[in-house]
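>>> Sequence and computational prediction follow.
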2 protein chains.
Amino acid sequence: MTTTDTLSIREMCDTFDVTPRTLRFYEAKELLFPIREGTRRLFTRRDRARLTLILRGKRFGFSLEDIRQILDMYDRDGSNEAQMQRTYELAKDRLAQMEAQRAELDVAIAELRTEIDASEHLIHGFRRAAE
Amino acid sequence: MTTTDTLSIREMCDTFDVTPRTLRFYEAKELLFPIREGTRRLFTRRDRARLTLILRGKRFGFSLEDIRQILDMYDRDGSNEAQMQRTYELAKDRLAQMEAQRAELDVAIAELRTEIDASEHLIHGFRRAAE
DNA sequence: AGAGAGCTTGACGTTAACGTAAATGTAACG
DNA sequence: CGTTACATTTACGTTAACGTCAAGCTCTCT
């Protein structure tokens, strides 16, 4: 039962629907840390977990740098109190940013919805008046 | 009562809180069409109306190219039903995107909040157990 | 006339997140 | 052993939306 539990770059690409360039880029940016078998990369379970979080973060609209910091927060040395305090502050800042972003998004959505409603009237006319 | 009804580039910047570079850039991209008094730009009422729409569009997350196309459509023939329909579709797509993004943002915020709560416990200990 | 202030047109710089191409290596297959 | 199929590093290219000089008009005030 010697399961390797690592994926080649191609297997990673197929699994996550990304290009090799992307994986190498993420490694260069220290978001992933595949081990090497000679010159080839082998992506561990940890890399896969991180990539999942990276892609989710991207869907949220975060930059890779934001994501890197958040990921670091997850695997920092949990025993150092000062470190944890820092991590905690970072997370709180991040949360504040996210909530601000959400608030702006809410406003934009409301505005756009108003525009669309107006547009709808202009296009289709006021049905009630015609019937 | 000879009101000029045009603004200098500086007046525009002050009014809309943008830089001169931005206004010149928008002109180069054919989003604005200020008239010239010698070499200087004079922004008309129309330019102001367009800039208002441009800035709103940006808040909605449209690219300048998207915005240019939408403005052009209004220009060409504001009464053309087909073109209005197209604008309407564009706006609806954008709204859907924004709502999806907000939904994901909500999830991310909730997750991050959970992390922070856990972090808080680890840092400060469980007060209830200590008292 | 000289000094600013403010405008103009280039034109190169910047950031993010990869794309893409070139040159090279290496492992397996027939 | 030669070819095919991927892998690797290096490095320049790309897009968006401006920023940031540089160098030169042109008013106006003194």
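Happy to help now that I have it.
>>> what secondary structure does A:G61 sit in?
Here A:G61 is coil, with the state taken from DSSP: H, G, I helix; E, B strand; the rest coil.
>>> isn't it right next to B:Q101, touching?
Yes. Between A:G61 and B:Q101 there is a contact under C-beta atoms under 8 Å: 6.3 Å. All C-beta spots, glycine's among them, are computed from the backbone N, C-alpha and C.
>>> Which one's more surrounded, these two?
Between A:G61 and B:Q101, B:Q101 has the larger neighbour count (other C-beta atoms under 10 Å in any protein chain shown), namely 18 against 15.
>>> ok, the residue nearest the centre of chain A - contacts?
Residue closest to the average C-alpha location in chain A (C-alpha atoms, centre = their mean): A:G57, at 1.1 Å. Residues in contact with A:G57, defined by C-beta atoms under 8 Å, 6 or more residues apart in numbering or on different chains, are A:66-67, A:70, B:108.
>>> export these to CSV and tack on secondary structure, pLDDT and neighbour count?
Shown next, in CSV, are these (DSSP: H, G, I helix; E, B strand; the rest coil; pLDDT from 0 to 100; neighbours: other C-beta atoms under 10 Å in any protein chain shown):
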residue, secondary structure, pLDDT, neighbour count
A:D66, helix, 85, 16
A:I67, helix, 89, 21
A:I70, helix, 81, 20
B:A108, helix, 76, 21
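>>> Touching, A:E81 and B:S119? I think so.
No. Assessed by C-beta under 8 Å, A:E81 is found out of contact with B:S119, at 11.2 Å.
>>> Which of the two has more residues huddled nearby?
When A:E81 and B:S119 are compared on other C-beta under 10 Å, the one with more neighbours turns out to be B:S119, at 20 against 10.
>>> How about that one: what's its closest non-neighbour residue?
Computed as C-beta to C-beta, 6 or more residues apart in numbering or on different chains, the closest residue to B:S119 that is not its neighbour in sequence is A:Y88, at 4.6 Å.
>>> mind checking which helix or strand that neighbour is in?
Following DSSP states H and E, one finds A:Y88 within helix A:81-124.
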